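Q: pasting the sequence and the predicted model now:
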Amino acid sequence: MKEVTLVLTPGEASNDKIIRGKASARSGIPEEEIKGLRYLHRSVDARRGRISVSLKVEVWTEEVPSSLTAPRFKWKDVGRSREVIIIGSGPAGLFAALTLIEEGIRPVILERGKEISKRKVDIARIGREHIIDNDSNYCFGEGGAGTFSDGKLYTRSKRRGDNLRVLELLVCHGANPDILFEAHPHIGTDKLPGVIMNIRNTITEAGGLVLFDHRVEDIIIKNGNVAGVQCRGGSTFISSNVILATGHSARDIYHLIRRKDIALEAKSFAMGVRVEHPQEMIDRIQYHGSGRDPFLPAAIYSLTSQIEGRGVYSFCMCPGGFIVPAATSDEEIVVNGMSPSGRNSPYANSGIVVEVRPEDIPAEYYRTGSLAGLMYQADIERLAWLNSERSQVAPAQRLNDFIFGRQSVNLPAVSYFPGVVSSPIHKWLPPSIAQKLKGGFLQFERRMKGFVTSEAVITAVESRTSSPVRIKRNKETLEHVEVLGLYPAGEGSGYAGGILSSSIDGIRVAKAIALKLASS
């Protein structure tokens, strides 16, 4: 086995025969002796005028190892094993369940929303009728907020757990094996629901339990130990180990935890807008003015800046994607982005958000203590609703009009299917956010000439980037610092952000529970 790095044109990188030949030349191994190739990493280098693809490859000359094929996993039958309750079926909950099964423990998942096929009907009603089901929407339901997203699987953090383990589990359940080596892997909103349903099937076939329409309304605590949970309607589930994987939008859970005097703390988060450009425009900027090569993917960007001591940055950039309504209740507007696997929409969108620290939140919100950021976030979402048509039609503004402080006379076509209405976002968005956004956009224009244009539109608000609250847990055992057996996990816990890091956090928590049970 020998590892080589190849620098190829986009056309060469799409041709397996050419790759094999160049790998042979680079490694010094005759083609007829090569038994197999495994791709380790692939990335597009568009920093210079000549665009290239960097490909790291393992060349095998002897017996091809099984690891070159799609990974396979064997699951234990846990139907009669000890049970752990998991609240929420998002990435943290699902990957915790898979790990518990590997450890011989039975997961019982309680999901407030509906399974995917029924959830799709409720999501369609948001765009068509502007009706929001509080338990079944873009944030709640089987698979959590990630199910109907781009399925991006990369993170800026390199410190959390084994990324490859998550990717292999996703491939095992139907994701494209390319995610194992792409620099910016993604599954796509058209493919991810099928992967999620396959994971559910694995859990149930191994003896685990997945229950939909089970909204948890109380956590049972006895003598400082968790004892179970109670769902709407009165059904009770008993266990001395409960994983709280409810996601960052489950505000009712935060209020429940506060009422029960379970320790919380405010944390930094981010809010802003979602900006949308024609994808062809982003391609021209990133690929240096020429039309996109048919072998190149839709261009992406990642932008960061510091304005008045706060980060302003792009978030969840969706090339060839759509903007979607992500509100979880009436009288609020929240926007998010998604892309299909082919990333073939004519639009490119990204959240552009401003870091909000606890000290940036107006003092009056601290009457709610640690939930100050949560209430501030909710008020801005309601402000967006009040400044629209009081439906899911989103307030929007041409990007250059936002920067120069004028309301847009008209708006170009956008991908947001409930529709948009011209609104002076620069006036009603809190100045601490609006002014930093303006500064950030001007810096981004210097890095990407043409980014600030009348053809770009911002929609408001992009507010659910992460949780404004952290549920305190012990660094070693991962249990809550006060309630033994309660394990906050994923985005809603305040310890993760995005599909990949949430999945890894779910795995870590499940392993911590398995270690505790093994020693008891």
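A: On my side now, so go ahead. Numbers count the residues shown, from 1 in each chain.

Q: strands of the stretch 151-300 of the chain, residue ranges please.
A: Assigned by DSSP state E, counting those that start in this stretch, the strands in the stretch 151-300 of the chain fall at 209-211, 216-222, 225-231, 236-238, 242-244, 264-266, 269-278.

Q: show me which helix runs longest in the chain.
A: Ranked by residue count and defined by DSSP state H, the top helix of the chain is helix 499-519.

Q: quick one: buried residues of that helix?
A: Neighbour counts using 16 or more other Cβ atoms under 10 Å place 499-514, 516-517 of helix 499-519 among the buried residues. Yep, even glycine has a C-beta here, placed from its N, CA and C like the rest.

Q: what does stretch 49-60 give?
A: For stretch 49-60, by 16+ other Cβ under 10 Å, it's Ile51, Ser52, Val53, Leu55, Val57, Glu58, Val59, Trp60.

Q: stretch 212-231 now?
A: Buried-residue list, stretch 212-231, by 16+ other Cβ under 10 Å: Phe212, Asp213, His214, Arg215, Val216, Ile219, Ile220, Ile221, Val226, Gly228, Val229, Cys231.

Q: contacting residues for Thr204?
A: Counting by Cβ atoms under 8 Å, 6 or more residues apart in numbering, Thr204 touches Val210.

Q: what bits of the protein have low per-residue confidence?
A: Within the chain, the segments meeting pLDDT under 70 span 64-71, 155-161.

Q: Val420: neighbour count?
A: Applying other Cβ atoms under 10 Å, we find 26 other residues in the vicinity of Val420.

Q: who does the spatially closest residue to it that is not a sequence neighbour bridge with?
A: The shortest distance from Val420 to any non-neighbouring residue, by Cβ to Cβ, 6 or more residues apart in numbering, is to Ala396 (3.7 Å). Bridge pairing for Ala396 (DSSP bridges) gives the partners Ser422, Thr459.

Q: and Ala396, how far is that from Ala456?
A: 11 Å (Cβ to Cβ, to the nearest Å).

Q: and these two? Which one has more around it.
A: Ala396 (27 against 23).

Q: run through the residues that contact the more buried one.
A: Applying Cβ under 8 Å, 6+ apart to Ala396 gives the contacts 408, 411, 414, 416, 420-423, 425, 457-460.

Q: of the residues you listed, grab the buried ones for ChimeraX.
A: Only the buried entries of the contacts of Ala396 go into this ChimeraX selection, using 16+ other Cβ under 10 Å:
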select :408,411,414,416,420,422,423,425,457,458,459,460
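
Q: all helices of the stretch 201-350 of the chain, in order?
A: Along the stretch 201-350 of the chain, the stretches classed as helices by DSSP state H, counting those that start in this stretch are 251-259, 279-286.

Q: surely Ile285 and Phe451 touch.
A: Yes. Contact criterion Cβ atoms under 8 Å: Ile285 and Phe451 qualify, at 6.8 Å.

Q: of the two, who's got more company?
A: Phe451 (21 against 18).

Q: contacts only, for that one.
A: His277, Ile285, Phe441, Phe444, Glu445.

Q: most widely separated two among the residues you listed?
A: In the contacts of Phe451, the most distant members under the criterion Cβ to Cβ are Ile285 and Phe441, with 14.2 Å between them.

Q: got a list of what Gly11 touches?
A: Counted by Cβ under 8 Å, 6+ apart, Gly11 has contacts Asp293, Phe295.

Q: just after the helix or strand containing it, pick out the following helix or strand.
A: Here Gly11 sits within helix 10-13, counting by DSSP states H and E. Once helix 10-13 ends, the next helix or strand along the chain (criterion: DSSP H and E) is helix 16-27.

Q: thought Glu332 was touching Arg382, still the case?
A: Yes. Using Cβ under 8 Å, Arg382 is in contact with Glu332, at 5.4 Å.

Q: which one of these two has more residues nearby?
A: More crowded of Arg382 and Glu332, by other Cβ under 10 Å: Glu332, with 22 against 16.

Q: isn't the more buried one up against Asn387?
A: No. Assessed by Cβ under 8 Å, Glu332 is found out of contact with Asn387, at 11.8 Å.

Q: mind listing what Ala13 touches?
A: Ile19, Arg42, Val53, Leu55, Phe295 are the contacts of Ala13 under Cβ under 8 Å, 6+ apart.

Q: from those residues, pick the one nearest Ile179.
A: Closest approach to Ile179 among the contacts of Ala13 (Cβ to Cβ): Arg42, at 10.9 Å.

Q: quick check: that closest one vs Gly36, distance?
A: For Arg42 relative to Gly36 (Cβ to Cβ), the value is 17 Å.

Q: repeat for Tyr376
A: Applying Cβ to Cβ, the value for Tyr376 to Gly36 is 55 Å.

Q: the more surrounded of the two?
A: Tyr376 (25 against 15).

Q: give me the angle between the host helix or strand of the more buried one and strand 269-278.
A: Following DSSP H and E, the helix or strand that holds Tyr376 is helix 372-386. Put simply, helix 372-386 runs at 40 degrees to strand 269-278, going by axes from the mean of the first three to the mean of the last three Cα atoms, to 10 degrees.

Q: list the buried residues for helix 372-386?
A: 372-378, 380-385.

Q: between those, which is nearest Ile126?
A: Closest to Ile126 out of the buried residues of helix 372-386 is Trp385 (13.6 Å), distances taken as Cβ to Cβ.

Q: who are the contact partners of the closest one?
A: Glu331, Glu332, Ile333.

Q: quick one: residues contacting the residue nearest to the second one when sequence neighbours are not counted.
A: Put plainly, it is Glu332. Closest residue to Glu332 apart from its sequence neighbours, by Cβ to Cβ, 6+ apart: Glu381 at 3.9 Å. Glu381 makes contact with Ala327, Glu332, Ile333, Val334, Val461, Ser463, according to Cβ under 8 Å, 6+ apart.

Q: next: Ala496.
A: Per Cβ under 8 Å, 6+ apart, neighbours of Ala496: Ala92, Arg160, Ala489, Gly490, Ser502, Ile504, Asp505.

Q: which secondary structure element contains it?
A: Residue-wise, Ala496 maps onto no helix or strand under DSSP H and E.

Q: how near is it to Gly146?
A: 12 Å.

Q: then Gly104?
A: Taken as Cβ to Cβ, the span from Gly104 to Gly146 is 27 Å.

Q: now do the same end-to-end measure for stretch 377-395.
A: End-to-end span of stretch 377-395 (Cα to Cα, to the nearest Å): 17 Å.

Q: again with stretch 140-154
A: One end of stretch 140-154 sits 22 Å from the other (Cα to Cα).

Q: show me where the stretch 51-200 of the chain has its helices.
A: Ranges of helices within the stretch 51-200 of the chain are 91-102, 116-129, 163-172, 192-205, based on DSSP H, counting those that start in this stretch.

Q: do the stretch 351-500 of the chain as well
A: So, for the stretch 351-500 of the chain - with DSSP H, counting those that start in this stretch - the helices run 372-386, 399-404, 425-428, 431-447, 499-519.

Q: phi and psi next, for Val334.
A: The phi/psi pair for Val334 (degrees, to the nearest 10) reads phi -130, psi 130.
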